[in-house]
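quick check, what structure comes out for this input:
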Amino acid sequence: MNKQKLNYRTATKSDLKQIQQLGLLAYGQFKPILTQENWTKWEENFNNDTNFLNLLDTVTGFVCESENDLVGMAFLIPSGNPWLYFPTEWSYIRYVGVHPNFEGNGIGKILTQKCIDKAIETGEKTIALHTSEFQNAARHIYESLGFIRHKEIEPVFGKVFYIYTMELL
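Numbers count the residues shown, from 1 in each chain. Now for the predicted structure:
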């Protein structure tokens, strides 16, 4: 557990490279349980500047920093932006990640709560997210905040994934 001072703020495009690096570090812990082919897909996604620049144009991103280094991130996508598992009328959270050296400080929970608060502030009715069978800490956080498992979806990267939702209004 790292006890340095943590600062939470809204993400900007100037955070792009640090967001990508943080994603690889945070999600890198899952590399041993994925096939090499599936890990390569994750890696390519995090290294794709266009994906994240488009994301930052559409969403409200929240980051946590310690001494100017990003150590946590989460992104709220507003309703009106359907994606694979999420219908148009839902807002949803993507890419919650915490640097492995900073796990256990409540960063993921605080960032997820910031997304929930922003969704409430902007009048969203439903907020959703997806997570997997191997993301136990994340599922614990989401359930402790009030998300309910909505359904199991077809395997992604060869693993079981779930949709979680929370009704806001």
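
show me where the chain has its helices.
16-28, 36-47, 49-58, 107-121, 136-145 (DSSP state H).

which of those helices sits most buried?
Mean neighbours per residue, mean count of other C-beta atoms under 10 Å, is largest over those for helix 107-121, with a mean of 20. For every residue, glycine as well, the C-beta is placed using N, CA and C.

how far does stretch 45-62 stretch from start to finish?
Taking C-alpha to C-alpha, to the nearest Å, stretch 45-62 runs 19 Å from one end to the other.

rewinding a little: distance to Gly80 and mean pLDDT added to the helices of the chain, as JSON lines?
Formatted as JSON lines, these follow (distance: least, C-beta to C-beta, whole Å; pLDDT from 0 to 100):
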{"stretch": "helix 16-28", "distance to Gly80": "23", "mean pLDDT": "95"}
{"stretch": "helix 36-47", "distance to Gly80": "23", "mean pLDDT": "89"}
{"stretch": "helix 49-58", "distance to Gly80": "9", "mean pLDDT": "90"}
{"stretch": "helix 107-121", "distance to Gly80": "13", "mean pLDDT": "98"}
{"stretch": "helix 136-145", "distance to Gly80": "23", "mean pLDDT": "94"}
